[in-house]
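Trainee: here are the coordinates; sequence isn't available:
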Ligand SMILES: NC(=O)c1ccc[n+]([C@@H]2O[C@H](COP(=O)([O-])OP(=O)(O)OC[C@H]3O[C@@H](n4cnc5c(N)ncnc54)[C@H](OP(=O)(O)O)[C@@H]3O)[C@@H](O)[C@H]2O)c1
């Protein structure tokens, strides 16, 4: 584990003269065209310590940028050890699996993090460094373009690929736009400025039917990312839209174990998903870094096996726990009523905006499937939802029943 300073960043590729080309391109064209409302990119005034760091860093860096690069093959033809991957959202649930998988595959990973990471900043700086073991931790503020830019400039390295696993931890309206759009956009702008030719975005399958603010924020970024690749053929993207993560289905394991009923909306068949394990999803995201087949595509992805409804998940849990099935069926109309009340109140008390949004998020996941949406039939289609990986929900439930939920904690809100 290392904090990325010139003293310990061996293996990262130094910035090449090519990056200056991107610097010009991005400052003059891309930023002004695509994010007119973000802060203008500041000129870089490196501090003395930053300059000194960079100097020392270049001394300790062994690998050099390739002499000749064609835009499409520039980094894909390199060995992973010569490829610098910037990961933002590195301390998140999926982001951390992604960091570990990229490190395992031998990439040079620059993991951007806050000094206090995790839900409500529960991880200290040392714990954060521990989480990012094997990567070069870079403490910065992704919500501020100039901060992120300064941090990467200070490293004196070029970036080949950006992987974003950023997500609003609350799903609140303003936070969604700040993280799922603005901060993610900052990572694109800064990545491009320092040479990135490819951007892998962790999005969500639910953006197909956008009714929530975080979905709209993600879609806006997706559209701008695609636009950028259309504008510059030397740049590409992979947009990964997973179905439900295992952790999102683990909320009732302890209840069932304790003999409580399994709670579901309607008859438990209102929605279904093809859940994917975190390591399998991380592996798919890592594939997106190099695979030409996954370039310039929107990639919905689920786990192995058939789609499961909440009723089937509950039945599976009772069977594995060796308990008699007991279900508590909650009419979905209860949520509609609560949302109606909150929507009314928010007009009088705007501070209730997030509470109303959380109600809508709950309603969405109680009724909408995490599968491919077919606009022609107006239905979700389990068969056309791609499967990836080997881990099954049944094995996961077994493990959580035996060993507990530790390490599988949900976020502040259980959102997608
Ligand atoms: N849950 C599901 O079943 C599911 C299914 C499909 C898709 N998805 C999508 O997957 C994505 C990631 O989910 P996840 O569960 O891995 O997310 P997560 O655990 O909540 O992680 C969020 C990441 O974003 C960072 N972040 C949030 N606010 C920040 C801020 N103000 N400043 C700096 N960094 C900030 C967090 O950093 P800190 O650690 O410093 O807070 C963390 O690294 C989301 O886009 C979600 O929509 C989820």
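Mentor: Now that the structure is in, tell me what you want to look at. This structure is a prediction, so every number in the text was calculated from the model and none was measured.

Trainee: Tell me where the stretch 101-250 of the chain has strands.
Mentor: Secondary structure of the stretch 101-250 of the chain by DSSP state E, counting those that start in this stretch: the strands cover 108-113, 136-139, 161-164, 198-202, 236-242.

Trainee: how about JSON lines for these, with mean neighbour count, mean pLDDT and distance to the ligand added?
Mentor: Glycine gets a C-beta too; all of them are placed from N, C-alpha and C. JSON lines is the format used below for those (neighbours: other Cβ atoms under 10 Å; pLDDT from 0 to 100; distance: least, Cβ to the nearest ligand atom, whole Å):
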{"stretch": "strand 108-113", "mean neighbour count": "28", "mean pLDDT": "98", "distance to the ligand": "6"}
{"stretch": "strand 136-139", "mean neighbour count": "24", "mean pLDDT": "97", "distance to the ligand": "10"}
{"stretch": "strand 161-164", "mean neighbour count": "29", "mean pLDDT": "98", "distance to the ligand": "9"}
{"stretch": "strand 198-202", "mean neighbour count": "26", "mean pLDDT": "98", "distance to the ligand": "5"}
{"stretch": "strand 236-242", "mean neighbour count": "24", "mean pLDDT": "98", "distance to the ligand": "4"}
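
Trainee: Take the ones you listed and write them to CSV, including distance to residue 96.
Mentor: Below are those laid out as CSV (distance: least, Cβ to Cβ, whole Å):
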stretch, distance to residue 96
strand 108-113, 9
strand 136-139, 12
strand 161-164, 12
strand 198-202, 12
strand 236-242, 15
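
Trainee: do you know which of those strands lies nearest residue 382?
Mentor: strand 236-242 (14.8 Å; Cβ to Cβ).

Trainee: got the end-to-end distance for stretch 208-216?
Mentor: This stretch, stretch 208-216, spans 10 Å end to end (Cα to Cα, to the nearest Å).

Trainee: Check stretch 302-320 too.
Mentor: OK, stretch 302-320 end separation, Cα to Cα: 23 Å.

Trainee: Could I get the buried residue list for that stretch?
Mentor: Going by neighbour count (16 or more other Cβ atoms under 10 Å), the buried part of stretch 302-320 is 302-304, 307-311, 313-318, 320.

Trainee: Of these, which pair is most distant in space?
Mentor: Among the buried residues of stretch 302-320, 302 and 318 lie farthest apart (Cβ to Cβ), at 23.5 Å.

Trainee: Around the ligand, pick out the residues from the stretch 101-250 of the chain.
Mentor: When proximity is defined by Cβ under 6 Å from any ligand atom, the stretch 101-250 of the chain lies next to the ligand at 114, 117-118, 142-143, 165-169, 179, 202, 204, 242, 244-245, 248.

Trainee: tally of neighbours for residue 336?
Mentor: Counted with other Cβ atoms under 10 Å, residues neighbouring residue 336 total 13.

Trainee: Tell me, please, where in the stretch 1-150 of the chain the pLDDT is lower than the cut-off.
Mentor: Applying pLDDT under 70 to the stretch 1-150 of the chain flags residues 1-73.

Trainee: Tell me which residue in it sits closest to the ligand.
Mentor: With Cβ to the nearest ligand atom as the measure, residue 92 is the residue of the stretch 1-150 of the chain nearest to the ligand, at 2.2 Å.

Trainee: what about the closest residue to that residue other than its chain neighbours, how many neighbours?
Mentor: If the residues on either side of it in the chain are set aside, residue 92 comes closest to residue 165, at 5.2 Å by Cβ to Cβ, 6 or more residues apart in numbering. By other Cβ under 10 Å, the residues close to residue 165 number 25.

Trainee: for the buried residues of stretch 302-320, which one is nearest the ligand?
Mentor: Checking the buried residues of stretch 302-320 one by one against the ligand (Cβ to the nearest ligand atom), the nearest turns out to be residue 302, at 9.7 Å.

Trainee: Quick check: the closest residue in space to the closest one that isn't next to it in sequence vs the ligand, distance?
Mentor: Spatially, and ignoring its direct neighbours in sequence, residue 302 is nearest to residue 274 (3.0 Å; Cβ to Cβ, 6+ apart). With distances taken as Cβ to the nearest ligand atom, to the nearest Å, residue 274 is found 11 Å from the ligand.

Trainee: Near residue 274, how many other residues are there?
Mentor: With neighbours defined by other Cβ under 10 Å, the count for residue 274 comes to 27.

Trainee: try the one 10 residues further on
Mentor: In terms of burial, residue 284 registers 24 neighbours under the definition other Cβ under 10 Å.

Trainee: Can you report phi and psi for it?
Mentor: The phi and psi values for residue 284, taken as degrees, to the nearest 10, are phi -60, psi -40.

Trainee: so what pLDDT did it get?
Mentor: Looking at residue 284, its pLDDT reads 98.

Trainee: Hmm, it is touching residue 387, no?
Mentor: No - with contact defined as Cβ atoms under 8 Å, residue 284 does not reach residue 387; the gap is 10.6 Å.

Trainee: Common neighbours of these two, please.
Mentor: With contacts taken as Cβ atoms under 8 Å, 6 or more residues apart in numbering, residue 284 and residue 387 have residue 301 as neighbours in common.

Trainee: Quick check: which element contains the closest residue to residue 325 other than its chain neighbours?
Mentor: Excluding the flanking residues, the one nearest residue 325 by Cβ to Cβ, 6+ apart is residue 318, at 4.2 Å. Secondary structure from DSSP states H and E places residue 318 in helix 310-321.
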